[in-house]
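Student: Take a look and give me a structure for this.
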Amino acid sequence: MTHIMDRRASHSWNDRSYLRQTGQSMIRPKPEKDPDRFRQPRGHFVDQVDLPPGVGVRPGDKICPHCLEPYDIGHTSWKTCRSRCGCCKTYDHQGKYCGQRWVSWSFYTGTLLREPCHDENVQIRPTEDEVKRLVAAGHTWAREILPSETTKMLKIRAQDERILYNSEHTVKRQVNDAAVVPARTAHLEAMNQLLREKSDATASELKDVKAKFNQEKQNLVAEIGRLHERLQRAEENAGHAAAEKVTTHNGQHLSKETRTLIYYYRSKAESAEEKAKEAEKRANEANTLLEKVRKRIKEMGLFDRVWNHLVKD
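Tutor: All right, here's what the predicted structure looks like:
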């Protein structure tokens, strides 16, 4: 049993369901042994000559052989096509060949890249040579079958298929890019405007932060100065008190009240210094943010000029 794998050039084929056969593959029928296989399907059917051009699964084919609609995103394989059959208008044979489609054996193997299976029960459209053999065998009904140029398969070299595929996708990519340029331009302009508004808001906020920082810094400097003066006075008072006090057993000359006062003003001075350091840290972070915003504004301005140049070209 021979399996021919679908090698669509639109992507690397990973659909493992394609390898699942629905039954045993048919052997190409011969007009002398199986003439009824070459009759037209009963009821309504679609002849090979009526199929739209570009139908198939070869590189460069545009039309899905199941639904007879163009391939698109999410619709790249007739095996996974879940639309209604374009020949019999039913949904009962997804992933299988349609019995109401009358095409030649070479169309199955050369265009659809797989032999039909017995359980698919398809009729084979005879070629010009097979029509002559049917008539020679005494089947006069075959004289009414008109050969079609579409039954003659043309061999396309792999290199030519690759060149055709690349050129077609290059044109498609260019068309898609040209179609979305206005939308991309509008999106970039909106983003640029949003960034500018954020930049202005950040600059205003940074200005307010700087003003508050400077005011707070001045207040902290003044408070530190006052605390240092109080600490100096407390130490002077402690010196005078030490001259009048008697040394205790652990060598302390200061009274409890004086030591408490000194510790209080010293802790206040240290707290003020920590606040000053924290305010300075916040100011540095604000300056860093401002530099980032300015850099982003410059980059967006440069990007606008480059984009406008590309659009003009």
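Student: For the residue sitting nearest the centre point of the chain, give its distance to C67.
Tutor: Among the residues of the chain, the one closest to the centroid is I73, at 12.7 Å (Cα atoms, centre = their mean). Applying Cβ to Cβ, to the nearest Å, the value for I73 to C67 is 15 Å. Every C-beta, even on glycine, is put in place using the N, C-alpha and C of the backbone.
Student: Let me know the pLDDT of the residue nearest to the centre of the chain.
Tutor: At I73, the model reports a pLDDT of 84.
Student: Tell me the spacing between it and V293.
Tutor: Distance of I73 to V293, given as Cβ to Cβ: 39 Å.
Student: what does Y264 give?
Tutor: 44 Å.
Student: likewise K210?
Tutor: Taken as Cβ to Cβ, the span from K210 to V293 is 14 Å.
Student: Which one of those two is surrounded by more residues?
Tutor: V293 (18 against 15; other Cβ atoms under 10 Å).
Student: What segments of the stretch 101-250 of the chain are strands?
Tutor: Ranges of strands within the stretch 101-250 of the chain are 101-102, based on DSSP state E, counting those that start in this stretch.
Student: so where's the chain uncertain?
Tutor: Applying pLDDT under 70 to the chain flags the ranges 1-22, 147-181, 238-257, 301-313.
Student: okay, now the domains of it?
Tutor: With domains defined by automatic domain parsing, the chain comprises 16-156, 174-312.
Student: centre of the chain versus the longest one, how much separation?
Tutor: Put plainly, it is domain 16-156. The chain centre lies 37 Å from the centre of domain 16-156; the measure is Cα atoms, centre = their mean, to the nearest Å.
Student: From the contact counts, what lies against whatever helix or strand E278 lives in?
Tutor: Under the criterion of DSSP states H and E, E278 resides in helix 256-312. If you count contacts as 3 or more Cβ pairs under 8 Å, 6 or more residues apart in numbering; DSSP states H and E, helix 256-312 packs onto helix 158-244.
Student: what separates R296 from N237, distance-wise?
Tutor: Counting by Cβ to Cβ, the gap from R296 to N237 is 58 Å.
Student: sorry, back to before: for the residue nearest to the centre of the chain, what are phi and psi?
Tutor: Main-chain torsions, I73, degrees, to the nearest 10: phi -60, psi 130.
Student: Also the one 10 residues further on?
Tutor: Summarising the backbone geometry of S83 under the convention degrees, to the nearest 10, its torsions are phi -80, psi 170.
Student: shouldn't it be in contact with E69?
Tutor: Yes. Here S83 lies in contact with E69, judged by Cβ atoms under 8 Å, at a distance of 6.5 Å.
Student: Quick check: neighbours shared by those two?
Tutor: Counting by Cβ atoms under 8 Å, 6 or more residues apart in numbering, the shared contacts of S83 and E69 are H75.
Student: Count the residues that sit near H118.
Tutor: The burial count for H118: 12, using other Cβ under 10 Å.
Student: Can you give me every residue that contacts it?
Tutor: Counting by Cβ under 8 Å, 6+ apart, H118 makes contact with 23-26.
Student: Generate CSV for those, with secondary structure as supplementary columns.
Tutor: Shown next, in CSV, are the contacts of H118 (DSSP: H, G, I helix; E, B strand; the rest coil):
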residue, secondary structure
G23, coil
Q24, coil
S25, strand
M26, coil
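Student: How far away from the center of its chain is the helix holding E278?
Tutor: With Cα atoms, centre = their mean, you get 38 Å for helix 256-312.
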